[in-house]
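Novice: Here is my input, please return the structure:
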Amino acid sequence: MSYNFKTYLNDDVTIESRSTSSVDERGLFSDSWTTLTTTKGRLETSRSQEEEDNSEMLIDEFDLYIPSSVDIKNSHRINISSKYYEVLGVNEYKNRHGNLVMKRCRLRRTS
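Specialist: The predicted structure follows:
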């Protein structure tokens with residue numbers, strides 16, 4: 001029996017790309033984000049900081065696990081539950097037979 005990691009991908013993930021197809025009133029390209037694809041993923045906290053006197057925790061980085069078939073680049077942005085994340089890097093994971101099975105994206109929350 002093989003391990004099926006996809007059963008743990010419970011978060012709805014939207015991958016967005018920057019579009020410069022529109023021009024503003026000054027004649028400059030205006031940035032907007034367009035949806036490339038949606039998939040399932042698993043978001044985990046990777047690194048955080050806590051202050052001694054403050055009970056709030058500042059979460060710096062996250063790991064997002066997605067299926068290997070999803071095309072993603074560092075220039076893309078991730079939308080999960082109306083929170084946006086910048087893609088810092090993408091690692092690919094293969095099984096023992098050398099087949100690509102999943103990707104791990106290092107993310108940072110953006111405003």
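
Novice: neighbouring contacts of stretch 17-36?
Specialist: 14-16, 71, 75-77 (Cβ atoms under 8 Å, 6 or more residues apart in numbering). No exception for glycine: its C-beta is placed from N, CA and C like everyone else's.

Novice: hmm, try it at 10 Å
Specialist: Contacts to stretch 17-36, defined as Cβ atoms under 10 Å, 6 or more residues apart in numbering, come from residues 14-16, 37, 70-73, 75-77, 79, 84.

Novice: By pLDDT, give me the weakest of the residues you listed.
Specialist: The weakest per-residue confidence within those falls on residue 75 (91).

Novice: So it is in contact with residue 88, correct?
Specialist: No - contact between residue 75 and residue 88 fails when scored by Cβ atoms under 10 Å: they sit 11.4 Å apart.

Novice: Who has more neighbours out of the two?
Specialist: residue 88 (12 against 9; other Cβ atoms under 10 Å).

Novice: The more buried one: what's it in contact with?
Specialist: 61-62, 74, 105-108.

Novice: One more pass at 7 Å, please.
Specialist: By Cβ atoms under 7 Å, 6 or more residues apart in numbering, the residues touching residue 88 are 106-108.

Novice: sorry, back to before: now the contacts of stretch 17-36 in JSON lines, with secondary structure and distance to residue 8?
Specialist: Formatted as JSON lines, these follow (DSSP: H, G, I helix; E, B strand; the rest coil; distance: Cβ to Cβ, whole Å):
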{"residue": "14", "secondary structure": "strand", "distance to residue 8": "19"}
{"residue": "15", "secondary structure": "strand", "distance to residue 8": "19"}
{"residue": "16", "secondary structure": "strand", "distance to residue 8": "23"}
{"residue": "37", "secondary structure": "strand", "distance to residue 8": "20"}
{"residue": "70", "secondary structure": "coil", "distance to residue 8": "15"}
{"residue": "71", "secondary structure": "coil", "distance to residue 8": "21"}
{"residue": "72", "secondary structure": "coil", "distance to residue 8": "18"}
{"residue": "73", "secondary structure": "coil", "distance to residue 8": "24"}
{"residue": "75", "secondary structure": "coil", "distance to residue 8": "27"}
{"residue": "76", "secondary structure": "coil", "distance to residue 8": "22"}
{"residue": "77", "secondary structure": "strand", "distance to residue 8": "23"}
{"residue": "79", "secondary structure": "strand", "distance to residue 8": "20"}
{"residue": "84", "secondary structure": "strand", "distance to residue 8": "23"}
